[in-house]
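**Student:** give me coordinates for this.
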Amino acid sequence: MLWSKHTLKNSKKFMHTMVQEDYDALKYRKWIQINQSSNDDDNNKISIMTYNLLSRHYIWKSVYEQNNPKHLNWSKHRFPLINKTIRQLKSDIMCFQEMEYYIYKRFWSKKFPNEKYKSFYIQKSSTQYYTNENTDGVGIFINTERFDILEKFEINFGKEILDHKNKYDLTKDLVGRVIPRNTVGLILKLYDKESNKILYVTNTHLYWSPKFNDVKILQTKLLLDKLNSCRKEQDSAVIFLGDLNSNFNSDVIKLLKEGQLDTTTSIEFKTQEYGINNALINSEAIIENPFNLQNVYETLFAESKLHFTSFVSRFSDVVDHIFISDDIEINKVLGEVDPKYCANKQVKGFPNGQFPSDHIPLVVEISYKRNNNR
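**Tutor:** The predicted model follows:
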């Protein structure tokens, strides 16, 4: 549903008048200190956020029928609360998924959340279900006081394969399952003016369906290889994050964490054929990750202190992730939503009065390891 001109004209007014002035995005969440010795060098600290905004065009009745309709209203509730959440959690690097193209261009593309930020965006290709303006994509917003933006790299996974056909085995499954998906990724090369260091940030939103877990794995591999080909400085740091639509037990996370995945033992490839000895799968049927990465929320998850990053009435799980290279250390992370709050019978899933998306934002404060500083 498109906004009327009157609604668009008064959208900024909604942000101030329709939301409680005392709204606190952290009301049911707390910061968790990971590295207790990280408080001595504020100039070395970087804050990073990833947040799936839930496009207003994905409010399907079958998923959100138990939600209060007023909490699904975009202009009067979700849009102003999303803005407040972003401004309150304002990070040096902010990555978003399900960012609708029209809303991005109209409200977020310039000077958001303030004039210090510069944004970059890649939109998914249009489908038969959504017009070009309605289609969402992923965005990265950078604090230019801290970083210079040196280069931008985009990837549409299906197009990447079609543009380099000689690198892949064009099997029936590759052509029928991977290439048609309109999933995209965005990579920025940054220069950290405080630490004199190069940092690469990668944001994506992998394909959603659990029936296509093999596709998610191959999309991850395509993005890792794209990042590797763009990265020229071996001592540069790497951030790899987004809505991966994959939980901690998935093969996507196994590939990112362990550095490789054996397709002969992975259940996701039991009935799929993608060939071997190609750019996706090597001669030993292994998918390789060229980076050494760690998940910033792994400790919390292992201690049962992160139960979900997405919560709807019929589903909750950890599907959003932030991975960092081994030259980075974790100072603190924004913890889970208070389980007591979620146990309340009135809380039947998000969005609701407190959380304007069905995902929660993940935020981490990191530092470069001292022996890796230039």
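**Student:** can you tell me the closest non-neighbouring residue to Lys84?
**Tutor:** Residue nearest to Lys84 in three dimensions, not counting chain neighbours: Tyr23, with 5.4 Å by CB to CB, 6 or more residues apart in numbering. From N, CA and C alone the C-beta is placed, and that goes for glycine too.
**Student:** number of residues surrounding that neighbour?
**Tutor:** 15 (other CB atoms under 10 Å).
**Student:** quick one, phi psi at it?
**Tutor:** Dihedral pair for Tyr23: phi -60, psi 130, per degrees, to the nearest 10.
**Student:** from Met49, how far off is Ile86?
**Tutor:** According to CB to CB, to the nearest Å, Ile86 stands 8 Å off from Met49.
**Student:** now for the two: what residues contact both?
**Tutor:** Common neighbours of Ile86 and Met49, counting by CB atoms under 8 Å, 6 or more residues apart in numbering, are Met94, Pro361.
**Student:** my guess is the residue nearest to Lys84 contacts Asn83, does it?
**Tutor:** No: look at Tyr23 against Asn83 with CB atoms under 8 Å: they stay out of range, at 10.4 Å.
**Student:** sketch out the low-pLDDT regions of the protein for me.
**Tutor:** Across the chain, the ranges flagged by pLDDT under 70 are 1-20, 37-40, 127-131, 371-374.
**Student:** center of it, which residue is that?
**Tutor:** In the chain, the C-alpha nearest the mean C-alpha coordinate belongs to Gly242, at 1.9 Å (CA atoms, centre = their mean).
**Student:** my guess is Pro113 meets Ile86, correct?
**Tutor:** Yes: Pro113 is within contact range of Ile86, at 5.6 Å (criterion: CB under 8 Å).
**Student:** these two: who's more crowded?
**Tutor:** Neighbours per residue (other CB under 10 Å) separate Pro113 from Ile86, with Ile86 holding more: 21 against 18.
**Student:** now do the same contact list for the more buried one.
**Tutor:** Shown in contact with Ile86 (CB under 8 Å, 6+ apart): Met49, Tyr51, Met94, Phe112, Pro113, Pro361.
**Student:** at 10 Å instead, please
**Tutor:** Ile86 makes contacts with Ala25, Met49, Tyr51, Leu53, Met94, Phe96, Trp108, Phe112, Pro113, Phe141, Pro361, as judged by CB atoms under 10 Å, 6 or more residues apart in numbering.
**Student:** these two touch, right, the second one and Phe96?
**Tutor:** The reference is to Met49. Yes: contact criterion CB atoms under 10 Å: Met49 and Phe96 qualify, at 8.6 Å.
**Student:** one step back: I'd guessed the residue nearest to Lys84 sits against Ile82; true?
**Tutor:** No: Tyr23 is beyond contact range of Ile82, at 11.2 Å (criterion: CB under 10 Å).
**Student:** what touches both of those two?
**Tutor:** With CB under 10 Å, 6+ apart as the test, Tyr23 and Ile82 both reach Pro356.
**Student:** surely Phe153 is within a strand?
**Tutor:** Yes: Phe153: assigned to a strand according to DSSP: H, G, I helix; E, B strand; the rest coil.
**Student:** go ahead and confirm it touches Thr204.
**Tutor:** No: if you go by CB under 10 Å, Phe153 and Thr204 don't touch, sitting 11.9 Å apart.
**Student:** quick one: which of these two has more around it?
**Tutor:** Thr204 (24 against 18).
**Student:** Val347: how many residues sit nearby?
**Tutor:** For Val347, using other CB under 10 Å, the count is 17.
**Student:** okay, it and Glu65: tell me how far apart.
**Tutor:** 16 Å.
**Student:** can you check Tyr28 too?
**Tutor:** Tyr28 sits 24 Å away from Glu65, going by CB to CB.
**Student:** what do Tyr23 and Asn83 both touch?
**Tutor:** Pro356.
**Student:** buried stuff in the longest helix along the chain?
**Tutor:** Secondary structure assigned by DSSP state H gives helix 213-230 as the longest helix of the chain. Using 16 or more other CB atoms under 10 Å as the test for burial, helix 213-230 gives 213-227, 230.
**Student:** do the same with stretch 235-247
**Tutor:** Of all the residues in stretch 235-247, those buried under the rule 16+ other CB under 10 Å are Ser236, Ala237, Val238, Ile239, Phe240, Leu241, Gly242, Asp243, Leu244, Asn245, Ser246, Asn247.
**Student:** out of these, who's nearest Asp317?
**Tutor:** Here the nearest of the buried residues of stretch 235-247 to Asp317, counting by CB to CB, is Asn247; it sits at 4.9 Å.
**Student:** the residue lying closest to the closest one once chain neighbours are set aside bridge partners, please.
**Tutor:** Sequence neighbours aside, Asp317 is the residue nearest to Asn247 in space, at 4.9 Å (criterion: CB to CB, 6+ apart). Counting by DSSP bridges, Asp317 forms beta bridges with Ser310.
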